[in-house]
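Peer 1: could you look at this predicted model? Sequence included:
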Amino acid sequence: MTQKYRYNLFLRLITPIALLLLVIAAGLTAAVITESNRTIESFRALQAASHARTLASGSMDAILTRDYTLLENWVHAAIPGDDYAYAYIANDGGLILAHTNFSFVGKRITLQRPAAMQQIETRYDERSVTEIVQPIELGAGFLGTAHVAYYQSHGLALLPNLASNLLAPLLVALLLFGLALYAIARRTTDPIHVLTRTIASSSLNDLKPIPASITTQKNEIGELASTFQDMQSDLRNSYDRLRDALEQLDRQKTHLETMLHSIGDAVITTDNAGRVEYLNPAGEALLGWHQDQVQGQHIGEIYHGEQDQRQLWELLEAQCLKGGAVMPRSEQPIVNRQGERIFIEQSAAPIRDAAGNINGLIIVAHDVTREQILQQELLYKASHDDLTGLRNRVEFNRQLQEFINSAKLDHKEHALLFLDLDQFKLVNDTCGHTAGDELLRRVGHILSGEIRRHDILARLGGDEFTIILADCSLAEAEPIAEKIRRAIESFIFIWDNQRFNITTSIGLAPITADNLNQQKLLSLADAACYAAKHNGRNRIYRYDENDSLLNQHYGEVNWISRINQAIAEDRLALYFQTIEPINARDAGQHLEILVRLQDETGRLIPPSAFIPAAERYNLMPTVDRWVVSRTCHWFARHPEILGQVGVVSVNLSGETLNDSGFADFVLQLFGECGMDGSKLCFEITETTAIGNLIVAQEFMARMQAIGCRFALDDFGTGMSSFGYLKTLPVDFLKIDGIFIQNIASDPIDYAMVRSINDIGHLLGQQTIAEFVENADILKRLQEIGIDYAQGYHFSRPVPLEDLHRLVSPLRADTGRPSS
């Protein structure tokens, strides 16, 4: 290869100069030959002209004497050799008198008297000839013309001799010059050849030194060699730096690959055309492909959604590769190699080189299928009832709002059904909650089979169900409601060999452009259901705005907004009533916290006016939280009063007991205000405790763990009270006032109270008598051994804010009222 380049350079130097010399020599030769040819032609023309003048002067007398023989002699004498073509004499009329070719004699030519000698180019004997025409004149008279012609090509025969005489010395000169040029070229190219060979035989690991004989030359080649020598040194330094950088890069690459292999997220890199370049083990596990199988494949073939394989890639390409933006984390369903649908959380970013140009894409993905499934399950649970699988209250309210919007925007009419089971409490009380739950499940299944595909069925809670009949007027809804009523009526529920005929009361209300308030709609349907129960159960009641029964019930419904507004405006007030020890070993006085509502004018409203509505419409958890929170914070501000009080009792409703977050609320509240749990007693009615037995046991266990106590309120009114006492870890039994009011005169009431007191004490529980209104009742209670008494005989309810003024009279005096 070096030898080839060597002669290439040599030839590049020699060839142009040699060609130039050859061109110059050829040009000079051509010029000499041309000029020589012109000189010869001029000489021959002069020679022919001389012959023509001689012929003209010599033939003059012969023409005059008409001596044609003499003319023939003169004509042949005018041609000195073979290079002449012909000669002839013509008279003044153009008649040829004599010709070297006798066949032309006697012929005429077109002739005009020439003013002087003429030279004519013509053809003769298929050859080019030059003819000299000389006029024959005698004085002023014209006798004719003398013609002499010679061959033009005959003069060219002299040129080869002339050319050979010129080219020989020229070639010798060219040869000498070429040798000199060769020596000069070698002197120039040999050092370059040595330099090239040295460089070609060098490598990054073995750089050959350039001979000093070249680098020391004081010319361009020496300068070039020095420059190459400096480049060698720079190359060596650059190579060393590059080697170190590559070693460091290799270490970083190894570290990066180790890290990418060990992380749990899938990592995929592609070039800017979407061809896969790298897939880490987590990516292999996620997609079901091996790195070797996918390298070079388009990412759309292995990383795509369920339908369009290109859609996901086009999104990545548009946002990252073309847009140059980072794709934030987002969830995306994809299909792996096995055809399994998996959910991933992915992010993507363009890969840029040092100049900032995008030359690829990196995708980081994490399998969130389990989280997605869990999220879907949570969403389902958030919108569906755990027990029946039907829509719950939250989802029903959302759907109801959509139908309200439909009625407003599309002027469509729908129907709302409110269902309440008539025998549910009987099943619960007789067979327990497990049976009640099974009954609700079966009723839900029956209802699902009776409604249309586009209708909405939900369980609001307890034994209350709602149905939205889409695109259905009240007149059209009644037959459907009747069909549902009959389906429930024909259902016989059997549990532990007990048979229960189940019926339902149904309230009907329209969803029209006139009823665009969700709460109002529910109230109307609930009021209609209430009317159905009031009229004998197992029937349908259609809402009528002029119905007095519905209007009376709707008045109760109006308490919903009033209670909510009162809570929002802090218009609930805390009162208390003392619970006096009459036979108890505990000398401390107890207090029961009561709640009142102030209307917009400041007038106090008793609990009997608003508590039933709050319980019916699930507002009691909010009320109970308000009461417990304000009570704890009040006593936290007055620790000196709390120290003199034995126990502070607060009532809890059944809805609050079923509130799964209430226990955590109490624990957080105690932590905030520093309340001593042993000072707080929760009162739960007997019906609430038995109706929510498992929930009540769990809540009581959590609260008793921090010292709280429990009282079973209104005890004695339920048929199964004694059976459940062993399973309810209460501290106090509050005997219902129905047994206390006539205890002084009714021996049955006396015996009932004594039995309750004995059983309570046997179970380690203290007893509290309610509605103690006079001394006679108190005396009888003391005879029986009741531990505490509460009623107007001791005190009426007083605002809690007045407790600090009354704290001194609150002492352990039994038998006398303190206020």
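Peer 2: Everything's here; your move.
Peer 1: I figured residue 501 hits residue 492, correct?
Peer 2: Yes: assessed by Cβ atoms under 8 Å, residue 501 is found in contact with residue 492 at 6.2 Å. All C-beta spots, glycine's among them, are computed from the backbone N, C-alpha and C.
Peer 1: between these two, point out the one with more neighbours.
Peer 2: Taking other Cβ atoms under 10 Å, residue 501 and residue 492 do not tie; residue 501 has more neighbours (13 against 9).
Peer 1: show me the contacts for the more buried one.
Peer 2: 423, 489, 492 (Cβ atoms under 8 Å, 6 or more residues apart in numbering).
Peer 1: what of residue 574?
Peer 2: Residue 574 neighbours (Cβ under 8 Å, 6+ apart): 593-596, 627, 630-631, 634, 799-801.
Peer 1: now do the closest residue to it other than its chain neighbours against residue 648, distance only.
Peer 2: Spatial nearest neighbour of residue 574, chain neighbours left out: residue 800 (4.0 Å); criterion: Cβ to Cβ, 6 or more residues apart in numbering. According to Cβ to Cβ, to the nearest Å, residue 800 and residue 648 sit 10 Å apart.
Peer 1: shared neighbours, those two?
Peer 2: Applying Cβ under 8 Å, 6+ apart, one finds that residue 800 and residue 648 are jointly contacted by 593, 631.
Peer 1: now, the contacts of residue 501 that are in strands?
Peer 2: Using DSSP state E, the subset of the contacts of residue 501 located in strands is residue 492.
Peer 1: what is the nearest of the contacts of residue 501 to residue 447?
Peer 2: residue 489 (13.0 Å; Cβ to Cβ).
Peer 1: excluding chain neighbours, what is closest to that closest one?
Peer 2: Counting by Cβ to Cβ, 6+ apart, the residue nearest residue 489 is residue 503, at 5.4 Å.
Peer 1: contacts only, for that neighbour.
Peer 2: Residue 503 sits in contact with 421-423, 485, 488-489, 537-538, where contact means Cβ under 8 Å, 6+ apart.
Peer 1: make it 6 Å
Peer 2: 422, 489, 538 (Cβ atoms under 6 Å, 6 or more residues apart in numbering).
Peer 1: for residue 136, state which of the residues you listed is nearest.
Peer 2: Of all the contacts of residue 503, residue 136 sits closest to residue 489, with 163.2 Å by Cβ to Cβ.
Peer 1: next, work out how far apart the closest one and residue 446 are.
Peer 2: As judged by Cβ to Cβ, residue 489 and residue 446 stand 11 Å apart.
Peer 1: can you list the contacts of residue 501 in JSON lines and add pLDDT and distance to residue 688?
Peer 2: Shown next, in JSON lines, are those (pLDDT from 0 to 100; distance: Cβ to Cβ, whole Å):
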{"residue": "423", "pLDDT": "82", "distance to residue 688": "20"}
{"residue": "489", "pLDDT": "95", "distance to residue 688": "30"}
{"residue": "492", "pLDDT": "94", "distance to residue 688": "29"}
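Peer 1: so which of the contacts of residue 501 is the closest to residue 72?
Peer 2: Within these, the smallest distance to residue 72 is 166.0 Å, found for residue 489 (Cβ to Cβ).
Peer 1: give me the number of residues near the closest one?
Peer 2: If we define neighbours as other Cβ under 10 Å, then residue 489 has 14 of them.
Peer 1: in strands, which of the contacts of residue 574 fall?
Peer 2: Among these, the members falling in strands (DSSP E) are 593-596, 799.
Peer 1: on that earlier part again, show me which of the contacts of residue 574 are buried.
Peer 2: Of the members of those, the ones counted as buried by neighbours, 16 or more other Cβ atoms under 10 Å, are 593-596, 627, 630-631, 634, 800.
Peer 1: show me which pair in those residues is furthest apart.
Peer 2: Farthest pair in the buried ones among the contacts of residue 574 (Cβ to Cβ) is 596 and 634. Separation: 14.8 Å.
Peer 1: direction included, what does the strand or helix carrying residue 508 pair up with?
Peer 2: Per DSSP states H and E: residue 508 is located in strand 504-511. Sheet pairing of strand 504-511 (DSSP bridges) gives strand 414-421 (antiparallel), strand 540-542 (parallel).
Peer 1: tell me which of those strands sits most buried.
Peer 2: Neighbour counts (mean count of other Cβ atoms under 10 Å) averaged over each of the strands paired with strand 504-511 peak at strand 414-421, with a mean of 25.
Peer 1: quick one: buried residues of the helix or strand following that one?
Peer 2: Once the chain leaves strand 414-421, the next helix or strand it forms, by DSSP H and E, is helix 424-431. Of all the residues in helix 424-431, those buried under the rule 16+ other Cβ under 10 Å are 424, 427-431.
Peer 1: so how far does stretch 635-647 reach from one end to the other?
Peer 2: 12 Å (Cα to Cα, to the nearest Å).
Peer 1: contacts for that stretch next, please.
Peer 2: 586, 588-591, 673-674, 679, 681, 804, 807.
Peer 1: can you show me the strands along the stretch 151-300 of the chain?
Peer 2: Ranges of strands within the stretch 151-300 of the chain are 266-271, 276-279, based on DSSP state E, counting those that start in this stretch.
Peer 1: hmm, back to that, what mean pLDDT does the strand holding residue 508 have?
Peer 2: Computed over strand 504-511, the mean pLDDT rounds to 94.
Peer 1: change the start of the numbering to 251 and stick with it
Peer 2: With the count now opening at 251, the last piece we talked about shows up as strand 754-761.
Peer 1: helices or strands up against the helix or strand just after that strand?
Peer 2: Downstream of strand 754-761, the next assigned helix or strand under DSSP H and E is helix 768-784. The elements that helix 768-784 packs onto, with contact taken as 3 or more Cβ pairs under 6 Å, 6 or more residues apart in numbering; DSSP states H and E, are strand 664-671, strand 754-761, strand 790-792, helix 798-807.
Peer 1: who does the residue lying closest to residue 545 once chain neighbours are set aside bridge with?
Peer 2: Spatial nearest neighbour of residue 545, chain neighbours left out: residue 526 (5.8 Å); criterion: Cβ to Cβ, 6+ apart. Note on residue 526: beta-bridge partners residue 520, judged by DSSP bridges.
Peer 1: residues near residue 526, how many?
Peer 2: Residue 526 has 24 neighbouring residues, counting by other Cβ under 10 Å.
Peer 1: do I have it right that it meets residue 544?
Peer 2: Yes: contact criterion Cβ atoms under 6 Å: residue 526 and residue 544 qualify, at 4.7 Å.
Peer 1: common neighbours of those two, please.
Peer 2: Counting by Cβ under 6 Å, 6+ apart, nothing touches both residue 526 and residue 544.
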